[in-house]
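[1] What would the 3D arrangement of this be:
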Amino acid sequence: MSRIGRMPVAIPAGVTVTIAEGNEVTVKGSKGTLTRVLPKEMEINQEEGHVIVSRPNDLKKMKSLHGLTRTLIHNMVVGVSEGYTKTLEINGVGYRAQKSGNKLTLTLGYSHPVEMVDPDGIETKVDGNKIIVSGISKEKVGQYAAEIREKRKPEPYKGKGIKYADEVIRRKVGKTGKK
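    Model prediction:
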């Protein structure tokens, strides 16, 4: 049986989980509300402060959906109670980020500044050379952070660009002159 799938999802205080027709799960918490339609094959039950996901049979597809469904519900519960954040760092001479309203302006060595508008439910903060992306949906936070990083990926020679705070860039040795 799926090790992740059979673990119950604990519901913290202040969070309500509603399971509607067709496996539409709605999770409400202090930070907001998330709704998602999960695979119809999975059986989702709520009992005594826990959500339990079970599968109908042991087909390969059902096994993979089992762990996925449980993880999606867990991510929704954590999102509405604590929220998610990703931190990006900008490295490079003259590389900057500025925030005005819901617009993030990046100066990344191009001939023009790169402007990005925060999507719904996502908030960005600029702290020196750090950009902090936060929100309640793990998927949206990760996607927007990846889109920001894509504007100037870190390069391996000098390490310039936008990288995740916990990312390690494998450096390469530059060219050497003839003797």
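[2] Tell me how many other residues surround residue 121.
    16 (other Cβ atoms under 10 Å). Any C-beta I mention is one placed from the backbone N, CA and C, and that applies to glycine too.
[3] Identify the residues contacting it.
    Listed by Cβ atoms under 8 Å, 6 or more residues apart in numbering, the contact set of residue 121 reads 32, 135, 136, 137, 140.
[4] Which members of those residues are positioned in strands?
    residue 135 (DSSP state E).
[5] which ones are touching the closest residue to residue 129 other than its chain neighbours?
    Distances taken as Cβ to Cβ, 6 or more residues apart in numbering put residue 90 closest to residue 129, at 4.7 Å, once the chain neighbours are dropped. Residues counted as contacts of residue 90 (Cβ under 8 Å, 6+ apart) are 96, 97, 106, 108, 129, 130, 131, 161, 162.
[6] For the closest residue to the fourth one other than its chain neighbours, give me phi and psi.
    To tie it back to what came earlier, the one meant is residue 108. Closest residue to residue 108 in three dimensions, ignoring its sequence neighbours and counting by Cβ to Cβ, 6+ apart: residue 152, at 4.3 Å. The phi/psi pair for residue 152 (degrees, to the nearest 10) reads phi -160, psi 90.
[7] ok, now which ones touch residue 152?
    Under the criterion of Cβ under 8 Å, 6+ apart, the neighbours of residue 152 are 92, 95, 106, 108, 109, 160, 161, 162.
[8] let's see it at 7 Å
    108, 161, 162 (Cβ atoms under 7 Å, 6 or more residues apart in numbering).
[9] Phi first, then psi, for the last one.
    Which is residue 162. Torsion angles, degrees, to the nearest 10, at residue 162: phi -110, psi 120.
[10] and it, how many neighbours does it have?
    Neighbours of residue 162 (other Cβ under 10 Å): 24.
[11] Give me the pLDDT for it.
    We have a pLDDT of 95 for residue 162.
[12] any idea how far residue 79 is from it?
    Separation of residue 162 from residue 79 (Cβ to Cβ, to the nearest Å): 24 Å.
[13] same check, this time on the first one
    Distance check for residue 108 against residue 79: by Cβ to Cβ, it reads 30 Å.
[14] Please say which of the two ends up with more neighbours.
    Regarding residue 108 and residue 79, a neighbour count based on other Cβ under 10 Å identifies residue 79 as having more, with 23 against 18.
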